[in-house]
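1. coordinates only, sequence not included:
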């Protein structure tokens, strides 16, 4: 969890300058992934390792995403879920096999003000999650 706060702080502080904001946005948009998870997410150094099946080719695949901001998807991922990150878009989509919070898709977007989860700020997301009784204990905590 410390890593999440450090990354969040770096991104928020780093995005105050408009040039840095654009650089961060370009960084987030530069990666792509499309995988149905067959194993739990692995973190190696600052990278996320996704092990599963490519839904397009139906072949086993191991895909790597630099983990600077991909830590935000971990609480939402279960085996069988599909992770989609399109190149040129700063959004990670988690397509759920089972509904979570009455939805089968969670979108996590990086912008210069932080992260947005299904259109909600982290504070709004925490409140939304609490309205469900916080049963999953997957809230994002902001200081």
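-> It's in. Remember, predicted model here, so these are calculated numbers, not experimental data.
2. Tell me who's in contact with residue 97.
-> 78, 80-81, 104 (C-beta atoms under 8 Å, 6 or more residues apart in numbering). Backbone N, C-alpha and C define where each C-beta goes, glycine included.
3. Then residue 78?
-> When contacts are counted by C-beta under 8 Å, 6+ apart, residue 78 touches 37, 96-98.
4. CSV for those, including secondary structure and distance to residue 29?
-> As requested, the contacts of residue 78 are exported to CSV (DSSP: H, G, I helix; E, B strand; the rest coil; distance: C-beta to C-beta, whole Å):
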residue, secondary structure, distance to residue 29
37, strand, 22
96, strand, 24
97, strand, 27
98, strand, 29
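5. coming back round to it: now, which of the contacts of residue 97 lie within strands?
-> The strands, defined by DSSP state E, take in residue 104 from the contacts of residue 97.
6. Make CSV out of the contacts of residue 97 and add distance to residue 65.
-> As requested, these are arranged in CSV below (distance: C-beta to C-beta, whole Å):
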residue, distance to residue 65
78, 17
80, 19
81, 15
104, 22
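7. out of the contacts of residue 97, which are buried?
-> residue 81 (16 or more other C-beta atoms under 10 Å).
8. just curious, which of the contacts of residue 97 is nearest to residue 28?
-> residue 81 (20.4 Å; C-beta to C-beta).
9. Distance from stretch 101-115 to the middle of the chain?
-> How far stretch 101-115 lies from its chain's middle: 7 Å, per C-alpha atoms, centre = their mean, to the nearest Å.
10. Point out where the protein drops to low pLDDT.
-> Scanning the chain for pLDDT under 70 picks out the ranges 1-18, 67-72, 134-143.
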